[in-house]
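Asks: my questions are about this predicted structure, shown below with the sequence.
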Amino acid sequence: MKDPFVAEIRKFRLEHTRQFGSDLHAICEDLRQFEASLGDRVVAPPPRKLPRRDKRRPSP
């Protein structure tokens, strides 16, 4: 069973790739420019804090 959402995303991704002749550098630059045009609409969550690990080894 094909997922229609995945199919739509793949369709747009393929169109975007063709627009730049499969040039990865051009595709990435276009995406960077698009992201920059969004300004403060891009949400960047704060970094996750990893649980603190005790460096001491438990005694046997």
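Replies: Good, I have the coordinates. Residues are numbered from 1 along each chain as shown.

Asks: dump the lengthiest helix in the chain to PDB, keeping only the CA atoms.
Replies: When the chain is parsed with DSSP state H, its longest helix is helix 4-19. Extracted C-alpha coordinates of helix 4-19, given in PDB (Å, rounded to 0.1, in the frame of the first residue of the first chain):
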ATOM      1  CA  PRO A   4      -0.300   9.300  -0.600                       C
ATOM      2  CA  PHE A   5       1.600  11.800   1.600                       C
ATOM      3  CA  VAL A   6       5.000  10.100   0.900                       C
ATOM      4  CA  ALA A   7       4.100  10.000  -2.800                       C
ATOM      5  CA  GLU A   8       3.400  13.700  -2.800                       C
ATOM      6  CA  ILE A   9       6.600  14.600  -1.000                       C
ATOM      7  CA  ARG A  10       8.600  12.500  -3.400                       C
ATOM      8  CA  LYS A  11       6.900  14.100  -6.400                       C
ATOM      9  CA  PHE A  12       7.800  17.600  -5.200                       C
ATOM     10  CA  ARG A  13      11.300  16.500  -4.300                       C
ATOM     11  CA  LEU A  14      11.800  15.100  -7.800                       C
ATOM     12  CA  GLU A  15      10.500  18.300  -9.400                       C
ATOM     13  CA  HIS A  16      12.900  20.400  -7.200                       C
ATOM     14  CA  THR A  17      15.800  18.100  -8.200                       C
ATOM     15  CA  ARG A  18      15.000  18.400 -11.900                       C
ATOM     16  CA  GLN A  19      14.800  22.200 -11.600                       C
END
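
Asks: buried ones in the next helix or strand after that helix?
Replies: Downstream of helix 4-19, the first helix or strand assigned by DSSP states H and E is helix 24-37. Residues of helix 24-37 classed as buried under the neighbour-count rule (16 or more other C-beta atoms under 10 Å) are Ile27. Any C-beta I mention is one placed from the backbone N, CA and C, and that applies to glycine too.
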